[in-house]
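1. Turn this into a structure:
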Amino acid sequence: MDQTSEGQATQTLAELERLRRRTRIRAHGGAWLPALGIAALLLASSALYRHPFAATYSISIDSPFWAGLPDEQRDPLASYLFWFLCTPMLLAAVGAWYRWRSRSLGLRVAWPLFAGTGLGVLLLLAVLAAVPTQEQQQSDALNPSPDHFWLAGLLTPLLPIAAAVMALAWAERSRSLMIAGGWIALLTVWLCGWVPMGYLPGWATDILDGDLTGIMSGHPNSLGGRIDWRPGMWLTLMALPLLTFAAIRGWRSWRAANGG
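-> Here you go, the predicted structure:
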């Protein structure tokens, strides 16, 4: 094969690679909208709390945590309706978005898995816990509640959101979305597992203080501590990976659509 033929073959392969990459970007370029919608839902849920950002010294916590996190809600029923109405509406909007993209581009994504997972876990949550009618006071102390851990950590509408994000990650073949979904789930179980939220066990406090002697001996030197953030701050932290993903994926999709 002469140099001209080799050059043409190399150019053809490079063009095929660009075409393959552009097709993949177009096929999965629509994921930015669901990610943005879920992030917006998380941020909007800050309005469900009586003190989403302002510091407070006394709170009354209703269980289950229908607002999402263990903090004082404006109205438990309003929180319940917010998640059980807005989540299906968001999933329906995402389904319409993917159907439109399928008709326009001829490229399909397994979005029903995303919608089915979100609705399925939300339905499971509804089965496990009824509409809140009684107020359960939780002590605002630094002591964790081991017996309360798993039940409280699971009875929150934030976990269906995390499950839906991970299902979307599988459908979109996106490692970034899988990490974002795992991040939401991890924060949710930790924050809802102990009251007040943000509790740090002794060994974690030792690590943050740079004191490893207690960990090495098996007996932490600290009694524990707490990251004293308000619900709005935690929800912003949960939404941050989704917002970053939406910005990057949206920009790439726009470039691909404009021949970039």
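2. ok, which stretches of the stretch 151-260 of the chain are helices?
-> Taking DSSP state H, counting those that start in this stretch, the helices of the stretch 151-260 of the chain run over residues 158-172, 175-193, 202-209, 213-217, 231-257.
3. Same list (the ones you listed) but as a markdown table, adding mean pLDDT and distance to Ser79.
-> For glycine as for every other residue, the C-beta is placed from the backbone atoms N, C-alpha and C. Listed next are the helices of the stretch 151-260 of the chain as a markdown table, based on pLDDT from 0 to 100; distance: least, C-beta to C-beta, whole Å:
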| stretch | mean pLDDT | distance to Ser79 |
| --- | --- | --- |
| helix 158-172 | 94 | 11 |
| helix 175-193 | 94 | 14 |
| helix 202-209 | 60 | 29 |
| helix 213-217 | 55 | 39 |
| helix 231-257 | 91 | 11 |
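4. mind checking which of those is nearest Gly106?
-> Gly106 lies closest to helix 231-257 among the helices of the stretch 151-260 of the chain, at 14.4 Å (C-beta to C-beta).
5. Can you tell me which of the helices of the stretch 151-260 of the chain is packed in deepest?
-> Neighbour counts (mean count of other C-beta atoms under 10 Å) averaged over each of these peak at helix 158-172, with a mean of 23.
6. Packing partners of that helix?
-> Using 3 or more C-beta pairs under 8 Å, 6 or more residues apart in numbering; DSSP states H and E as the contact definition, the elements that helix 158-172 packs against are helix 32-44, helix 76-105, helix 111-128, helix 175-193.
7. For this structure, give me the ranges with low pLDDT.
-> 1-28, 58, 129-153, 202-225, 256-260 (pLDDT under 70).
8. Kindly recompute the last result at 50.
-> By pLDDT under 50, the low-scoring segments of the chain are 131, 133-148.
9. Leu155 - nearest residue in space that isn't next to it in sequence?
-> Pro64 (3.9 Å; C-beta to C-beta, 6 or more residues apart in numbering).
10. can I get the helices of the stretch 151-260 of the chain in JSON lines with distance to Tyr98?
-> As requested, the helices of the stretch 151-260 of the chain are exported to JSON lines (distance: least, C-beta to C-beta, whole Å):
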{"stretch": "helix 158-172", "distance to Tyr98": "9"}
{"stretch": "helix 175-193", "distance to Tyr98": "15"}
{"stretch": "helix 202-209", "distance to Tyr98": "41"}
{"stretch": "helix 213-217", "distance to Tyr98": "48"}
{"stretch": "helix 231-257", "distance to Tyr98": "14"}
